[in-house]
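>>> need a structure here:
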Amino acid sequence: MVAQKIPIDSLELEHHEPQRAAAVKKALSWCNLLLEGTSWTSEVDGGIFSLHRTINGQRVEVLPLEAARMDLGYETDFTQGHLPVYLNGVDACVRARRRRPRPLHTDMVASLLLLLGNDVFSPLAVPRTLHSILTDEQRAAIPANAPRQRFEPGQPSTSGREFLPEEEVSALIERSPEVIFEVQFEKRDGTLRNMSARWEVVEDPEHDETEPSQEVGVFAYNPTDYHLLPVFDVVNGGYRMVAIDRVTGITADGETHRTASFEGV
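Next comes the predicted model:
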C-alpha cells in the first residue's frame, strides 16, 4: 500500500517568512520522498496526520505537520527542541542535542524517518527514549556511557596557554559597565570561547543602601570565588560566566590586550 503524502499545502506557507517557509517545505518534501520504499505508512485520525510503523511490537508514531507548525512559530503541545513522536500512544520525549543553531524540527523528523525506515538500522543512533523498540541483543550491544568527570571549580588551567592577569581583566571590564566588550577566554573544558558581552552591576535585593554596592547575592554562590564574572551575552542572549583568570584577549573601554595564546577569528 502506498502511504498518503503529507498535505504540505494545508500549512499555507505563503503567509510565512519566505526563507523559513521554504526550509520547512523542503524538509517535508524530503519526508514525502522517504515514504517511498520504507515501512512507514500514513494515517489521519481526528484531523491529525501522522506517520507510523511497528518495530519489535512497539508502535512509533511521528507527526510531521506538528513539527512544521513548531518551526513556523505556532504553539503546540510539544516543547521547543522536542520532536512530535509518540511511542505506543505516549509522548516519547525525543529531543535535539543541545547545539546551536538548532536544526528545524521538520529536518529532525525527516532524519528519524530515514533512520527507522527499514528493519535494519543502527541501534547506536536510536534516541535513548526509544530504546524499547530495540531487541535485547541490540540494547546489550550499546556501550555504557562513560561516567562524567566531576567538575571541580576554580582549578588551574593545564592547557599551557598564556593568560592576562585577572586583576587587569576585571579592572578593564568594570571601568565601563553596560558597554559591550569583546573577550576570548578558555572554558573549563580547555576550549576557547569568543564572546561579545556586557557587564552589569547586579544588586543584592537585600542590600542596605548605606553599605557598598554588592555584585553578588542573587547567585547561589559567589562567582568570584571561582574566578568567574557574570555578564550578558549580547549575541546568544542570556547571562553567562566569563573565566576572568583564563582570558587570552579582550577589547574593552577602547583598549585591546592580548597574550601570545590569543587565536584570531
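
>>> Contact partners for the nearest residue to residue 175 once chain neighbours are set aside?
Distances taken as Cβ to Cβ, 6 or more residues apart in numbering put residue 253 closest to residue 175, at 4.9 Å, once the chain neighbours are dropped. Where you see a C-beta, it was placed from the backbone N, CA and C, and this is true even at glycine. By Cβ atoms under 8 Å, 6 or more residues apart in numbering, residue 253 lies in contact with 172, 175, 176, 179, 181.

>>> end to end, how far does stretch 244-256 reach?
15 Å (Cα to Cα, to the nearest Å).

>>> go on, stretch 74-87?
23 Å.

>>> ok, residues contacting it?
58-64, 66-67, 69-70, 91-96, 102, 105, 108-109, 112, 129-130, 132-133.

>>> Quick check on these: which are buried?
Among these, those classed as buried by 16 or more other Cβ atoms under 10 Å are 60-64, 66-67, 69-70, 92, 94-96, 105, 108-109, 112, 130, 133.

>>> Now, those that are in helices?
In helices, judged by DSSP state H, the following of the buried ones among the contacts of stretch 74-87 are found: 64, 66, 67, 69, 70, 105, 108, 109, 112.

>>> just checking, the first one touches residue 28?
Yes. Between residue 64 and residue 28 there is a contact under Cβ atoms under 8 Å: 6.1 Å.

>>> Which pLDDT value belongs to residue 184?
On the pLDDT scale, residue 184 is placed at 96.

>>> Equivalent analysis for the one 5 residues further on, please.
Confidence per residue is given as pLDDT, and for residue 189 that number is 85.

>>> Work out for me the element it sits within.
In the assignment (DSSP states H and E), residue 189 maps to no helix and no strand.

>>> number of nearby residues for it?
Using other Cβ atoms under 10 Å, residue 189 is surrounded by 8 other residues.

>>> Begin at 49 from now on, thanks
I'll keep to 49 as the first residue from here, and by that count the last item is residue 237.

>>> Show me this structure divided up by domain.
According to automatic domain parsing, the chain comprises the domains 56-189, 214-306.

>>> Could I get the ones you listed in a markdown table, plus columns for distance to residue 208?
Formatted as a markdown table, the domains of the chain follow (distance: least, Cβ to Cβ, whole Å):
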| stretch | distance to residue 208 |
| --- | --- |
| domain 56-189 | 28 |
| domain 214-306 | 10 |
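
>>> which one of these has the lowest average pLDDT?
Among the domains of the chain, domain 214-306 has the lowest mean pLDDT, at a mean of 80.

>>> gap between the two ends of that one?
Terminal residues of domain 214-306 lie 13 Å apart, using Cα to Cα.

>>> residues in contact with residue 56?
By Cβ under 8 Å, 6+ apart, the contact set of residue 56 is 73, 76, 77, 80.

>>> Out of the residues you listed, which end up buried?
Neighbour-count burial within these applies to 73, 76, 80; the criterion is 16+ other Cβ under 10 Å.

>>> mind checking how far the first one is from residue 52?
Distance check for residue 73 against residue 52: by Cβ to Cβ, to the nearest Å, it reads 18 Å.

>>> Same question for the second one.
Using Cβ to Cβ, we find residue 76 at a distance of 13 Å from residue 52.

>>> just the last one next, same as before
Spatial separation of residue 80 from residue 52 under the definition Cβ to Cβ is 10 Å.

>>> Residue 167 is in contact with residue 87, isn't it?
Yes. In this structure residue 167 lies within contact range of residue 87 using Cβ under 8 Å: 7.1 Å.

>>> And the two? Which one has more around it.
residue 87 (14 against 9).

>>> For that one, give me its contacts.
Counted by Cβ under 8 Å, 6+ apart, residue 87 has contacts 101, 165, 166, 167.
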